[in-house]
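Visitor: Coordinates only, no sequence provided:
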């Protein structure tokens, strides 16, 4: 085998939404097709299959408008099908941006459709989808029968005979789905794949049943497939496209390398179209609040630079601080590794909580670290306290006295503490050094805060230097 094996996420669509079920039944919502397709391209998908699985059953036309939106978002090829009953249907889809069309029910009812499509657009544009299911014949033997209308209706034709006829009629590729295995995550139907592979020479895409990483390699090495297609394991984030490709590469199969993931702001919204958003003070690192946002709220945040959310109670978009004036200016937006949570780093104009507190979170339990066991030094609380003293002075506070004395005096104290820390490192024990270092860090925090420099600014400088190569002197 010399050609790279293609990995194809499948977007089964009904009513304009991605859906997934088991054996084509009990369908559940799995997200927006445009968002899903874009995410799969970023993961390294070679193609995307976009199938309107209810079109033929409900006698509806194809969703040309949705295909156009998907095509605008993708730069990789994608195939679209579902309800394609004529050359005109296929022409509309291809003009909307699809690279290939899939025919199923209409082709079984009129095999000449395959020939007419191949003559009009070329065999490379024609994919015949075959849904196969084992049905008992009058003798009680299990026969692999062709199913139509979204896997609902058996016809008096075997999977292998129909695959041979479709290839002879001009099909450029066979998309073979086992209805028995579909959604089961028990593995591809290797018996059905081998049977069709022994019958046709055109490429075969294995579909239905993927549940483990080694299933994909088996479909190729044992089943003879040229490409592998899956839906639920990608929709449910069981595997990424990159993980599948790596497993196939380890099995000795040629695959196009998945690109290093370029993170884009494409959250994975829940069934209500929402994603949780955490707000964090970019200066102190204090977690301020948790709220919910939909796509419009995130778009508004990016447009204005102010934190926007979606109110589940009012069912409306809202600007954080629109009533109190305590708006949150967004310095950066992060997405977690599973794409299902968002982080806003903000510069608050005032308290984030409606109670007037700086944060909506109140510590209810503390677990003290055993001396010497801490893995790192967290100065978040120190900077938060110092900042609070600056903004809300407390009578008799040493921190406020330093602020009142001015930057020159604070700088002098930092110098004094630095000298004492250096002396403790050579004349004292570890405990003395830790104490002097604590005094130094405290006074340094006061100095930085007095000058309006936050820990985030220092962290950015450190990050910029991390890994930088030094040019050797001549």
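Guide: Ah, there it is. What you see is a predicted model; the values in this text were computed from it and never measured. Numbers count the residues shown, from 1 in each chain.
Visitor: confidence score at residue 17?
Guide: Listed pLDDT for residue 17 reads 74.
Visitor: ok, now residue 216?
Guide: pLDDT, residue 216: 97.
Visitor: Could you measure from it over to residue 191?
Guide: In this view, residue 216 and residue 191 are 17 Å apart by CB to CB, to the nearest Å. To be clear about C-beta, it is placed using only N, CA and C from the backbone, and glycine gets the same treatment.
Visitor: So for those two, which sits in the more crowded spot?
Guide: residue 216 (30 against 14; other CB atoms under 10 Å).
Visitor: That one: what's its closest spatial neighbour, skipping adjacent residues?
Guide: Counting by CB to CB, 6 or more residues apart in numbering, residue 228 is the residue found nearest to residue 216 once chain neighbours are left out, at 4.6 Å.
Visitor: beta partners for the one you found?
Guide: residue 7, residue 206 (DSSP bridges).
Visitor: That one: what's it in contact with?
Guide: Neighbouring residues of residue 228 by CB atoms under 8 Å, 6 or more residues apart in numbering: 5-8, 188, 205-206, 210, 216, 219-220, 244, 248.
Visitor: What subset of those is buried?
Guide: By neighbour count, with 16 or more other CB atoms under 10 Å, the contacts of residue 228 hold 5-8, 188, 205-206, 210, 216, 219-220, 244, 248 as buried.
Visitor: May I see those arranged in JSON lines, with distance to residue 41 as well?
Guide: Converted to JSON lines, these look like this (distance: CB to CB, whole Å):
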{"residue": "5", "distance to residue 41": "18"}
{"residue": "6", "distance to residue 41": "13"}
{"residue": "7", "distance to residue 41": "12"}
{"residue": "8", "distance to residue 41": "12"}
{"residue": "188", "distance to residue 41": "23"}
{"residue": "205", "distance to residue 41": "18"}
{"residue": "206", "distance to residue 41": "21"}
{"residue": "210", "distance to residue 41": "19"}
{"residue": "216", "distance to residue 41": "19"}
{"residue": "219", "distance to residue 41": "22"}
{"residue": "220", "distance to residue 41": "22"}
{"residue": "244", "distance to residue 41": "15"}
{"residue": "248", "distance to residue 41": "18"}
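Visitor: In the stretch 51-200 of the chain, what residue spans correspond to strands?
Guide: 78-81, 100-103, 126-136, 142-148, 153-158, 173-178 (DSSP state E, counting those that start in this stretch).
Visitor: Can you give me the domain assignment for the chain?
Guide: The chain breaks down by automatic domain parsing into domains covering 6-250, 275-348, 380-463.
Visitor: among those, which is the most enclosed?
Guide: Mean neighbour count (mean count of other CB atoms under 10 Å) peaks for domain 6-250 among the domains of the chain, with a mean of 20.
Visitor: pretty sure residue 197 is touching residue 206, no?
Guide: No - counting by CB atoms under 8 Å, residue 197 stays clear of residue 206, with 9.8 Å between them.
Visitor: which neighbours do those two share?
Guide: Here residue 197 and residue 206 share the contacting residues 223, 225, scored by CB under 8 Å, 6+ apart.
Visitor: can you list the weak-confidence ranges in this protein?
Guide: The chain contains residues with pLDDT under 70 at 1-2, 20-31, 53-62, 259-264, 366-376, 466-474.
Visitor: which residue ends up closest to the midpoint of it in space?
Guide: residue 339 (4.3 Å; CA atoms, centre = their mean).
Visitor: separation between that residue and residue 460?
Guide: Residue 339 is 25 Å from residue 460, by CB to CB.
Visitor: can you check residue 414 too?
Guide: Distance from residue 414 to residue 460, by CB to CB: 21 Å.
Visitor: Kindly report the same for residue 298.
Guide: The gap separating residue 298 from residue 460 is 24 Å, by CB to CB.
Visitor: now residue 128
Guide: Taking CB to CB, one finds residue 128 at 56 Å from residue 460.
Visitor: can you tell which of the domains of the chain is closest to residue 362?
Guide: Relative to residue 362, the nearest member of the domains of the chain by CB to CB is domain 275-348, separated by 11.3 Å.
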